[in-house]
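Participant: Just to be clear, the model below is a prediction. Sequence and coordinates:
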Amino acid sequence: MPRFGFKEIDISNWLEQDFIMKAFVRIDPHIGTIQMEGEDWVRAILEPELEESVPENVQALFEVARGAMVHGYFYYPLYTLAVEQLYRVAESAIHHKYLSMDASKSFRNFAKRIEWLNSHGVISDTELIKWDAIRNLRNFASHPESQSIIPPGNAIGRLEMIAHSINHLFKSA
């Protein structure tokens, strides 16, 4: 077992599937368990997309996070780094939406901007719960006490949820 519990990169293994990825399978009711291949992971990660109404700066940030997640197949901790970047992408989306509404520049933090967008009907009370969760997770990821590791299925779920929340934010843009 590697010293840190995850693959330690060296010149001989940097382009090889991370050993932990062999543990993930999908279940087919007719066949049973099927080993997930790299292409399966890439398809799942590329499925969530941002709509054209989302500002290009946010789309570019999203694409970098998604690209890092794709490479988690080779280096498992990249799933975690990608998700942590997605929280920052979400913050950037809130920032862009807030500024696009000619809001006062006095609210300089994520929480206040989320509250302002909620009070102005951009974010519903239901969506507010998701945005507060994203903000709290962003804060947790930004001040780690130890390395956390997010499994690929959870990472893809967060990718889908954040893409949906960002798209919803700009649906009436």
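Facilitator: Done, it's in.
Participant: wait, Pro48 sits on Ala163?
Facilitator: Yes: the pair Pro48 and Ala163 qualifies as a contact (CB atoms under 8 Å) at a distance of 3.8 Å. In this view, the C-beta of every residue, glycine as well, is placed from N, C-alpha and C.
Participant: Need the residues touching each of the two.
Facilitator: Common neighbours of Pro48 and Ala163 are not found (criterion: CB atoms under 8 Å, 6 or more residues apart in numbering).
Participant: Relative to Glu39, how far out is the residue of the chain positioned farthest from its centre?
Facilitator: Distance from the C-alpha centroid of the chain peaks at His30, with 32.2 Å (CA atoms, centre = their mean). Applying CB to CB, to the nearest Å, the value for His30 to Glu39 is 20 Å.
Participant: What residues sit buried inside the strand or helix carrying Asn139?
Facilitator: In this assignment (DSSP states H and E), Asn139 forms part of helix 125-142. For helix 125-142, burial by neighbour count (16 or more other CB atoms under 10 Å) applies to 127, 130-132, 134-135, 137-138, 141.
Participant: Rebuild these as a markdown table, extending it with distance to Gly153.
Facilitator: Shown next, in a markdown table, are the buried residues of helix 125-142 (distance: CB to CB, whole Å):
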| residue | distance to Gly153 |
| --- | --- |
| Glu127 | 23 |
| Lys130 | 19 |
| Trp131 | 23 |
| Asp132 | 23 |
| Ile134 | 18 |
| Arg135 | 23 |
| Leu137 | 17 |
| Arg138 | 21 |
| Ala141 | 18 |
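Participant: I'd like to know which of those is nearest to Gln85.
Facilitator: Using CB to CB, Ala141 comes nearest to Gln85 of these, at 9.1 Å.
Participant: just to revisit the earlier point, need the contact partners of the helix holding Asn139.
Facilitator: 83-84, 87-88, 90-91, 94, 110-111, 114, 118, 123, 148, 161-162, 165, 168.
Participant: sorry, back to before: need the buried residues of helix 125-142 in a markdown table (columns: pLDDT and distance to Leu61).
Facilitator: Shown next, in a markdown table, are these (pLDDT from 0 to 100; distance: CB to CB, whole Å):
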| residue | pLDDT | distance to Leu61 |
| --- | --- | --- |
| Glu127 | 95 | 20 |
| Lys130 | 96 | 18 |
| Trp131 | 98 | 17 |
| Asp132 | 97 | 21 |
| Ile134 | 97 | 14 |
| Arg135 | 97 | 16 |
| Leu137 | 96 | 16 |
| Arg138 | 96 | 13 |
| Ala141 | 93 | 15 |
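Participant: That concludes my questions; thank you for your assistance.
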